Every structure is written in structure tokens, then in C-alpha cells.
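Novice: What would the 3D arrangement of this be:
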Amino acid sequence: MDKKQILVVDDEQGIRDIINEYLVLEDFEVIEAIDGVDGLNKFKNHLISVVILDVMLPKMDGWKVCREIRATSSVPIIMLTARGEEYDKLFGFELGIDDYMVKPFSPKELLARIKAILGRSNKVVEEPEKLNRLQIEEVLIDFDARSVYLGKKLLSMTPKEYDLFSFFVNNQGKVFSREQLLNQVWGYEFLGDVRTVDTHIKMLRETLGKYRKWITTAWGIGYKFQVEEKV
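Specialist: Numbering: from 1, shown residues only. Next comes the predicted model:
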């Protein structure tokens with residue numbers, strides 16, 4: 001079996017070395033890039049399974065690299081950032097990243113997140129076996145196309161927003177804690193930052209517009225998806 005290739009784009013040699021050391025021990029093949037342009041070229045010329053992408057890069061920053069990759073691929077992207085402000089996280093998720101880690105980070109935790117992402121790549125979210133589409137009021141979910149429409153308008157959802165929405169739709173009325181959502185949607189056994197869930201809930205509510213009311217907060221517990229029955 002061919003080794004899975006992990007692209008590490010970071011201009012710091014020390015960061016690349018330590019990531020390389022941990023990944024090679026787990027039988028991954030590491031492709032290194034020292035700047036944004038180099039990273040895009042390496043991505044185009046290799047069969048990459050996961051991208052580890054620094055935000056602050058020479059020649060082309062990580063945000064632009066992410067946009068370029070997302071224009072043609074849904075490959076999992078983990079961003080590395082020296083800052084942890086909410087704006088950076090929200091901006092990254094809106095671009096379609098799958099996760100982020102703030103420097104300095106634990107290489108073991110990064111490895112665990114990579115394994116979790118790869119472990120869920122072929123079983124993203126359980127969806128109805130017989131239903132290819134589901135209509136809820138004005139919202140149409142096309143499970144085959146992983147698309148959601150409001151009327152005739154295609155809603156712009158990141159891959160993880162869709163995963164979260166699809167999970168909620170198929171578990172309507174059930175309350176899930178943030179840790180449970182991380183486990184079910186992201187695949188983390190309590191390794192992720194639970195604030196990641198809050199950020200995606202905020203994004204999903206904004207995307208749903210007037211139907212944001214479907215996602216309710218169970219105070220002190222987590223979140224629930226519930227469509228009000230018409231009388």
C-alpha cells in the first residue's frame with residue numbers, strides 16, 4: 001500500500017523537521033515546501049492526503065494558498081498560526097480549512113488530528129440510505145451532491161459546515177454536547193478545541209438566515225437541531 005502523502009508548508013525549518021520526524025515514524029510520506037508558491041506547486045505535483053499550512057509565508061500567504069487549493073480540491077487543510085484570535089479562526093473556516101493549531105503546538109496532538117481527519121475521510125457523516133434529497137420547508141439538502149439550497153439559491157457552505165448541518169438533519173431533536181459534535185463530525189476524541197464547534201455553529205446559523213432558529217442552544221450542554229412543526 002502506498003504511503004499517504006502529507007504536505008507541510010512552513011518557512012521555519014525547525015517546524016518542518018519536527019513534523020517530519022513524527023509523521024515519518026507513523027509511516028507517512030512528508031512533502032515539504034518553504035513558501036506559498038512552492039507549496040502550491042508541490043500540491044499540484046503530488047497526490048496529497050492532508051495539507052499542513054502555515055499562515056505567515058513568504059511569496060504567498062497561507063490564506064491565499066488555501067483559496068487556490070479550495071478552488072479545485074476538498075483535501076483536508078490544517079492551518080498553523082501564531083495567533084489565536086477568533087477572527088483568524090472564523091476567517092480560516094470560512095475559507096474552508098478543516099482545523100487549526102496555534103503555535104507552539106504539540107506534534108503528538110497534530111498527529112492525532114491528522115489521523116482523525118484521515119479516519120473520517122471515507123465516512124464523513126452518516127446520511128439516509130434511501131433518501132438522496134430531503135426537503136425541509138424551503139431548504140433542500142442534496143446528499144449526493146453535498147449541497148444545500150434555499151429555494152433555488154445554492155447556499156455557500158464550507159465542507160465542514162455541510163458535515164455539521166447534515167449530521168444535525170439526521171439527528172433532529174437530539175441534544176449534543178460540543179465534545180460529542182467534535183467526536184461525531186470532526187472525529188476527535190476530545191482532542192479538538194470545543195470553540196471550533198461554536199465557531200461553526202455561528203457560521204451555519206448565518207448561512208441558514210431566517211432558518212437559523214432551527215439550531216438551538218441547550219444551555220450548559222450543547223446544541224440541538226429542531227424544526228418547528230406547523231400547526
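Novice: can you give me how far the lowest-mean-pLDDT helix or strand in the chain is from the chain middle?
Specialist: Ranking every helix and strand in the chain by mean pLDDT, DSSP states H and E puts helix 86-95 at the bottom, with a mean of 73. Per C-alpha atoms, centre = their mean, to the nearest Å, the displacement of helix 86-95 from the mean C-alpha position of its chain is 11 Å.
Novice: which strands and helices sit next to it?
Specialist: helix 62-70, strand 77-81, strand 99-102, helix 195-208 (3 or more C-beta pairs under 8 Å, 6 or more residues apart in numbering; DSSP states H and E). C-beta coordinates here come from the backbone N, C-alpha and C atoms, glycine included.
Novice: Pick the most deeply packed of these.
Specialist: Of all those, strand 77-81 has the most neighbours on average by mean count of other C-beta atoms under 10 Å, namely a mean of 23.
Novice: ok, now how distant is residue 70 from residue 57?
Specialist: The gap separating residue 70 from residue 57 is 16 Å, by C-beta to C-beta, to the nearest Å.
Novice: any idea how the protein splits into domains?
Specialist: Annotated domains of the chain cover 5-120, 133-225 [automatic domain parsing].
Novice: tell me the phi and psi of the residue nearest the centre of the chain?
Specialist: By C-alpha atoms, centre = their mean, the chain has its centre lying nearest to residue 98, at 2.2 Å. Backbone geometry at residue 98, expressed as degrees, to the nearest 10, gives phi -90, psi -30.
Novice: what's next to stretch 213-231, contact-wise?
Specialist: Contacts to stretch 213-231, defined as C-beta atoms under 8 Å, 6 or more residues apart in numbering, come from residues 136-137, 168-169, 171-178, 180-181, 197, 201, 204-205, 208.
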